[in-house]
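Visitor: From the sequence below, what's the structure:
(one chain, ligands or ions: 1)
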Amino acid sequence: MSETTNAFSIAQAQFDNVAKQLHLDSDVAEQLRWPRREFKFQIPVRMDDGSQKVFFGYRVQHNDSRGPTKGGIRFHQSETMDTVRALAMWMTWKCAVADIPLGGAKGGVAVDSASLSLKEKEQLCRGWVGQIHHNLGPRVDVPAPDVGTTPQMMGWMMDEYSRLVGQYTPGVITGKPVGGGGSKGRKEATGYGVIYNVREAMKHLKMDPSKTSASIQGFGNVAQFAGLGFTQILGGKVLCVSYWDREEKASLSVSSKKGLDIAFLQNITDEYGSINKAKAQEAGYTISGGDDWISQDAEVLIPAALEGQINADSGKKISDTVKIVAEGANGPTTLEGDEELEKRNIFVIPDFLCNSGGVTVSYFEGVQNDMNYYWSQEEVIQRLDMKMTEAFGKVLKMSVGEKVKMRDAAYMVAIGSVVEAMQLRGWL
Ligand code: NAD
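Guide: Numbers count the residues shown, from 1 in each chain. A predicted model of the protein is given here:
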């Protein structure tokens, strides 16, 4: 039988599995396994060479029982409605597990951001908002950045929305630049959140973090700050990071048995997470194929790039040294990959718990926008740590109490909270 790689089929299968264990009413399950609203629209852009190009944009709002929907906008060439649906559904569970009063949504455009000039990118961002602004708003649906989108792009989108509704509305979008309505600590939030989860998992597994090493897939926003946190917060070593090399059009790994200097690597990485290979080689690091991150003799694997990266095939290459998989990316493990991890008795911190630091600080950003009062970096990071520690503790308690794996436990916590909100609102 061929492996399921469609992200939405995976998201539905994971949900169905837990809905069955929870004996969830079939009518309720049917509502939750589909998004409440979906939008697909054209965005024409006048290219620098004078031609007009039409891009396709998406927004999916999965469930808003717990509050306005929230979720990033991804600019990626292989974006499809199904990827967006899956990511929107995972956002619902993510906000619920992190216990922030928001629902789940996701958006995107099928485009390689790096292929556009600054002017074309700005038009695309403004065009995306233009097509969907009636269905956005601080109390309706609040987008944020994701793969291929940046704080500057969020700034343009916020400006376009404010222009269209005729009033400055910073709370319509999060992940804005600091000084332009953004929150301090947002850029570190997802990566550090991953690390707070890893720290709690290590406590549970009685591991000494300073004696551990990690291997990371990706070197974008999540991966960079997970790498920094792994070395600076936990005192461990990062042996390998992988990335998509835009010149070679292939994924590559950068590794060092002594450990990588993550701050140095950040300095030689472009805004799309592509590392300068020549400079990494000059620093004495080994460059090899992009798949090598998964077979490193590390204690922790952090997939922080795209979906479906730990699967039936790649799962077999995982070293016996690996004790923890911390899912920084959304949906990095296929159903078959999950079985392989279970067979190996690897402790999995599931994506929507592990990477919920980003949406948590996005929520803090909205709170600060509402108050028009901004917190210090220390205050944001401290509150983030508290939220992550609480969320991890709740899921671990469910996992131990119900004797289920962490992914199922996270679903149980999240589904329970969403169903309760639906009941309280009289939807069921
Ligand atoms: P990003 O665009 O900043 O970085 C993506 C990284 O992945 C880049 O380094 C790129 O080179 C690398 N990459 C792309 N294809 C690859 C491949 N085939 N092999 C190896 N590396 C590859 O994106 P990001 O914001 O860091 O997001 C990464 C993942 O985390 C995504 O799944 C995203 O949905 C998820 N996530 C992001 C946030 C956030 O706050 N940014 C929050 C929650 C979840």
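Visitor: what does the protein put close to the ligand?
Guide: Within the chain, the positions near the ligand by Cβ under 6 Å from any ligand atom are 146-148, 190, 217-223, 242-244, 251, 273-274, 290, 304-306, 328-330, 355, 358. For glycine as for every other residue, the C-beta is placed from the backbone atoms N, C-alpha and C.
Visitor: Narrow these to those that are buried.
Guide: Neighbour-count burial (16 or more other Cβ atoms under 10 Å) applied to those gives 146-148, 190, 217-223, 242-244, 251, 273-274, 290, 304-306, 328-330, 355, 358.
Visitor: Filter those down to just the ones in helices.
Guide: Using DSSP state H, the subset of these located in helices is 190, 221, 222, 223, 358.
Visitor: Next, the contact list for residue 175, please.
Guide: Shown in contact with residue 175 (Cβ atoms under 8 Å, 6 or more residues apart in numbering): 72, 144, 145, 149, 151, 154, 182, 186, 362, 365.
Visitor: phi, psi of it?
Guide: In terms of degrees, to the nearest 10, the main-chain angles of residue 175 are phi 80, psi 20.
Visitor: now the chain, which segments are flagged as low pLDDT?
Guide: Applying pLDDT under 70 to the chain flags residues 1-2.
Visitor: residue in it nearest to the ligand?
Guide: residue 220 (1.7 Å; Cβ to the nearest ligand atom).
Visitor: Skipping adjacent residues, who's closest to that residue in space?
Guide: In space, and not counting its chain neighbours, residue 220 is closest to residue 273: 3.3 Å by Cβ to Cβ, 6 or more residues apart in numbering.
Visitor: Would you agree that neighbour is in contact with residue 216?
Guide: No: between residue 273 and residue 216 there is no contact, the gap being 11.2 Å when judged by Cβ atoms under 8 Å.
Visitor: what is in contact with these two at once?
Guide: Common contacts of residue 273 and residue 216 (Cβ under 8 Å, 6+ apart): residue 223.
Visitor: Number of residues surrounding residue 198?
Guide: 30 (other Cβ atoms under 10 Å).
Visitor: Mind giving me the packing neighbours of the helix or strand harbouring it?
Guide: Element membership of residue 198, judged by DSSP states H and E, is helix 186-205. Helices and strands touching helix 186-205, as assessed by 3 or more Cβ pairs under 8 Å, 6 or more residues apart in numbering; DSSP states H and E, comprise helix 221-232, strand 300-303, strand 324-326, strand 347-349, helix 351-354, helix 357-371, helix 377-402.
Visitor: Mind doing that once more with 7 Å?
Guide: If you count contacts as 3 or more Cβ pairs under 7 Å, 6 or more residues apart in numbering; DSSP states H and E, helix 186-205 packs onto helix 221-232, strand 324-326, strand 347-349, helix 351-354, helix 357-371, helix 377-402.
Visitor: quick one, helices of the stretch 1-150 of the chain?
Guide: Ranges of helices within the stretch 1-150 of the chain are 7-21, 26-32, 81-97, 118-132, based on DSSP state H, counting those that start in this stretch.
Visitor: most packed of those?
Guide: Of all the helices of the stretch 1-150 of the chain, helix 81-97 carries the top mean neighbour count, a mean of 27, counting by mean count of other Cβ atoms under 10 Å.
Visitor: C-alpha coordinates for that one, CSV please?
Guide: This file holds the C-alpha atoms of helix 81-97, laid out as CSV (Å, rounded to 0.1, in the frame of the first residue of the first chain):
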residue,chain,number,x,y,z
MET,A,81,-5.8,23.8,-0.8
ASP,A,82,-5.2,20.5,1.0
THR,A,83,-2.0,21.7,2.7
VAL,A,84,-3.8,24.9,3.8
ARG,A,85,-6.7,22.8,5.1
ALA,A,86,-4.4,20.6,7.1
LEU,A,87,-2.5,23.5,8.6
ALA,A,88,-5.7,25.3,9.5
MET,A,89,-7.0,22.2,11.3
TRP,A,90,-3.7,21.8,13.2
MET,A,91,-4.0,25.5,14.2
THR,A,92,-7.3,24.8,15.9
TRP,A,93,-5.7,22.1,18.0
LYS,A,94,-2.6,24.2,18.5
CYS,A,95,-4.5,27.2,20.0
ALA,A,96,-6.5,24.8,22.1
VAL,A,97,-3.6,22.9,23.5
